[in-house]
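J.: pasting the structure only:
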């Protein structure tokens, strides 16, 4: 921890008596790549308070053996010493990390087991845009949506003092976007949407100890106006994508930042994106973008990306066939993907990487066969890698409630794809088993969330999660487990 802290640029310190432990329930390498986490850290300090970071240890079992409590990076102080512990949760399976972080801190993971001696546990993060109900057993309160401003209101209430019940009741009154499980039951409030004046988010800390390696992270836009049926970002658009002006972006980048990451759900849809990338590349900076839409790629844009250090052109089609892409209301057409491969070759990039999903509703073997032929065709233009993820339906999207395709079926489709493109296209796929677990939680509620505690205590292997879900009431189990075979 001390070595990592010493390698950071931009770490914030404060002697304010109002202290918050800001915890990321995945290891440092992941947490410090999160622009949202870094932004909340910064804005808390900007209001004159002290936020100190903590992360799930790289090796949880080794940390347990050391008998150390979970410590913050800035002062190596136990997380349990802080009056408020705020956790950012990005996706469903990180609930396991949340439980481990609380237990390592000596804080009962279940909210019902905490008393006046324990910190108030606040949760927020990307998971709140879809379904935070599985968080309900563990959170005293959940801040829904974009917390750029609501975090300050929540901390005003939490740090004012009073009994736990008094604080939670005051929080529920003060913030319409605060979900207090002990008060609201399963009734979810609307997600908070930040005003344009609060943008852009940017991260104060650069560190070599992440995949992004000393990259300055800044938001180029927020939300997405494309409306793909499977995407939870539909809830964060405020009626449309919110654009950060080019001048604002460039003005916030530190002079000594050698690498800049432009972040957003649809960065390549920014009307000035080619100008921004060209400017940064001309300044001698490396550039990274969190999303590239194939229909936005052109010769000028890809030339700027190459000058900014790109070696792989990464984009997404999401459906195995054009029929499925059309059903998902995905704008990517075959001609856009072919053009992306041609631009990869023309600008001397090493390869094109294409993300997509398997197991979409109505998918059949013929869709996979179309992908095989299309992938082979692309490989004749440029080296191709396919990054495959099983489809997981999310709450608050048009595909909410759609079943999981089935572990065996997804694996059979992946085998069909691998055999079809063998030797021609590189395939990297995420686990169908863990995608099923994600689906159970994404479509679940408090019982599924509480089952995570049993899975963690049993060892955290897939079999432990499966047994924990099988122990749920019969009707819910039937719905969740019928798709495993």
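T.: Now that the structure is in, tell me what you want to look at. The model shown is predicted, which means the values in this text are computed figures rather than measured ones.
J.: The residue nearest in space to the middle of the chain and residue 33, how far apart?
T.: The structure's the chain has its C-alpha centroid closest to residue 90; by C-alpha atoms, centre = their mean the separation is 4.1 Å. Residue 90 sits 10 Å away from residue 33, going by C-beta to C-beta, to the nearest Å. Bear in mind the C-beta positions are built from the backbone N, C-alpha and C, glycine included.
J.: Residue 63 now?
T.: In terms of C-beta to C-beta, residue 63 sits 21 Å off from residue 33.
J.: now swap in residue 120 and tell me
T.: In terms of C-beta to C-beta, residue 120 sits 27 Å off from residue 33.
J.: how is the chain carved up into domains?
T.: 2-184, 214-308, 311-434, 445-485 (automatic domain parsing).
J.: List the residues that contact the residue nearest to the centre of the chain.
T.: 26, 34, 125, 126, 127 (C-beta atoms under 8 Å, 6 or more residues apart in numbering).
J.: mind listing the helices for the stretch 301-450 of the chain?
T.: 322-327, 334-346, 365-379, 407-421, 432-442, 446-458 (DSSP state H, counting those that start in this stretch).
J.: closest to residue 258 out of the ones you listed?
T.: Closest to residue 258 of these is helix 334-346 (C-beta to C-beta; 24.8 Å).
J.: Report the angle between that closest one and helix 365-379.
T.: 30 degrees (axes from the mean of the first three to the mean of the last three C-alpha atoms, to 10 degrees).
J.: Off-centre distance for helix 334-346?
T.: 28 Å (C-alpha atoms, centre = their mean, to the nearest Å).
J.: Mind listing residues that contact that helix?
T.: 294-295, 297-299, 302, 313, 315, 317, 322, 351-352, 354, 374, 377-378, 381-382, 384.
J.: And the buried ones among those, selectable in PyMOL?
T.: The following PyMOL line selects those of those that are buried, judged by 16 or more other C-beta atoms under 10 Å:
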select buried, resi 294+295+297+302+313+315+317+322+351+352+354+374+378+381+382+384
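J.: Looking at the contacts of helix 334-346, which are in strands?
T.: The strands, defined by DSSP state E, take in 313, 315, 317, 351, 352, 354, 384 from those.
J.: Among the residues you listed, show me the least confident.
T.: Note: of those, the lowest pLDDT belongs to residue 317, at 88.
J.: Is that residue in contact with residue 333, as I believe?
T.: No: using C-beta atoms under 8 Å, residue 317 is not in contact with residue 333, being 9.1 Å away.
J.: Now for the two: what residues contact both?
T.: Contact with both residue 317 and residue 333 is made by residues residue 325, according to C-beta under 8 Å, 6+ apart.
J.: thinking again about what came up before, and which of the contacts of residue 90 is nearest to residue 263?
T.: For those, the nearest to residue 263 is residue 34 (9.7 Å; C-beta to C-beta).
J.: confidence score at residue 232?
T.: With respect to pLDDT, residue 232 scores 81.
J.: Can you give me the distance of it to residue 142?
T.: Residue 232 is 15 Å from residue 142, by C-beta to C-beta.
J.: So between those two, which is more surrounded?
T.: Of the pair residue 232 and residue 142, residue 142 is the one with more neighbours under other C-beta atoms under 10 Å, namely 27 against 20.
J.: For the nearest residue to that one once chain neighbours are set aside, give its distance to residue 112.
T.: Spatial nearest neighbour of residue 142, excluding adjacent residues (C-beta to C-beta, 6 or more residues apart in numbering): residue 179 at 4.2 Å. For residue 179, the distance to residue 112 equals 16 Å [C-beta to C-beta].
J.: Compare these two and say which is more crowded by neighbours.
T.: Neighbour totals were compared for residue 179 and residue 112, and residue 179 leads with 26 against 9 (other C-beta under 10 Å).
J.: I'd assumed residue 150 was in contact with that one.
T.: No: with contact defined as C-beta under 8 Å, residue 179 and residue 150 do not form a contacting pair (11.4 Å).
J.: list residues touching both of these two?
T.: What both residue 179 and residue 150 touch, as defined by C-beta under 8 Å, 6+ apart, is the set residue 143.
J.: and residue 270, what does it touch?
T.: 220, 221, 243, 244, 264, 276.
J.: what about the last one, which helix or strand?
T.: If I follow you right, that is residue 276. helix 273-282 (DSSP states H and E).
J.: if we can go back for a sec, widest-spaced pair of the ones in strands among the contacts of helix 334-346?
T.: 317 and 351 (15.6 Å).
J.: Please verify my assumption that residue 410 contacts residue 434.
T.: No: at 11.2 Å, residue 410 does not count as touching residue 434 under the criterion of C-beta under 8 Å.
J.: The residue nearest to residue 190 when sequence neighbours are not counted - how many residues pack around it?
T.: In this structure, residue 190 finds its nearest non-sequential neighbour in residue 177, 6.3 Å apart by C-beta to C-beta, 6+ apart. By other C-beta under 10 Å, the residues close to residue 177 number 22.
J.: correct me, but residue 177 touches residue 191?
T.: Yes: contact criterion C-beta under 8 Å: residue 177 and residue 191 qualify, at 6.4 Å.
J.: Between these two, which contacts overlap?
T.: Here residue 177 and residue 191 have 144, 145 as joint contacts, going by C-beta under 8 Å, 6+ apart.
J.: What strand or helix carries the residue lying closest to residue 32 once chain neighbours are set aside?
T.: Among residues not flanking residue 32 along the chain, residue 210 sits closest, at 4.9 Å (C-beta to C-beta, 6+ apart). Take DSSP H and E as the rule and residue 210 turns out to sit in neither a helix nor a strand.
J.: now residue 210: how far from residue 327?
T.: Distance, residue 210 to residue 327, by C-beta to C-beta: 36 Å.
J.: Who has more neighbours out of these two?
T.: residue 210 (20 against 16).
J.: need the helices for the stretch 1-150 of the chain, in chain order.
T.: Under DSSP H, counting those that start in this stretch, the stretch 1-150 of the chain gives helices at 2-7, 28-31, 35-46, 60-66, 94-104, 150-160.
J.: could I get those as CSV with mean neighbour count and mean pLDDT?
T.: Formatted as CSV, the helices of the stretch 1-150 of the chain follow (neighbours: other C-beta atoms under 10 Å; pLDDT from 0 to 100):
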stretch, mean neighbour count, mean pLDDT
helix 2-7, 11, 96
helix 28-31, 19, 97
helix 35-46, 21, 97
helix 60-66, 12, 95
helix 94-104, 23, 98
helix 150-160, 19, 96
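J.: These into a markdown table, with extra columns for distance to residue 363?
T.: A markdown table is the format used below for these (distance: least, C-beta to C-beta, whole Å):
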| stretch | distance to residue 363 |
| --- | --- |
| helix 2-7 | 43 |
| helix 28-31 | 30 |
| helix 35-46 | 32 |
| helix 60-66 | 37 |
| helix 94-104 | 28 |
| helix 150-160 | 39 |
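J.: so which of the ones you listed comes closest to residue 226?
T.: helix 35-46 (20.3 Å).
J.: Identify the bridge partners of residue 221.
T.: Beta-bridge partners recorded for residue 221 (DSSP bridges): residue 243.
J.: Can you get me a residue count around it?
T.: The burial count for residue 221: 25, using other C-beta under 10 Å.
J.: Give me the distance between it and residue 406.
T.: Residue 221 is 37 Å from residue 406, by C-beta to C-beta.
J.: do residue 419 as well
T.: Taking C-beta to C-beta, one finds residue 419 at 19 Å from residue 406.
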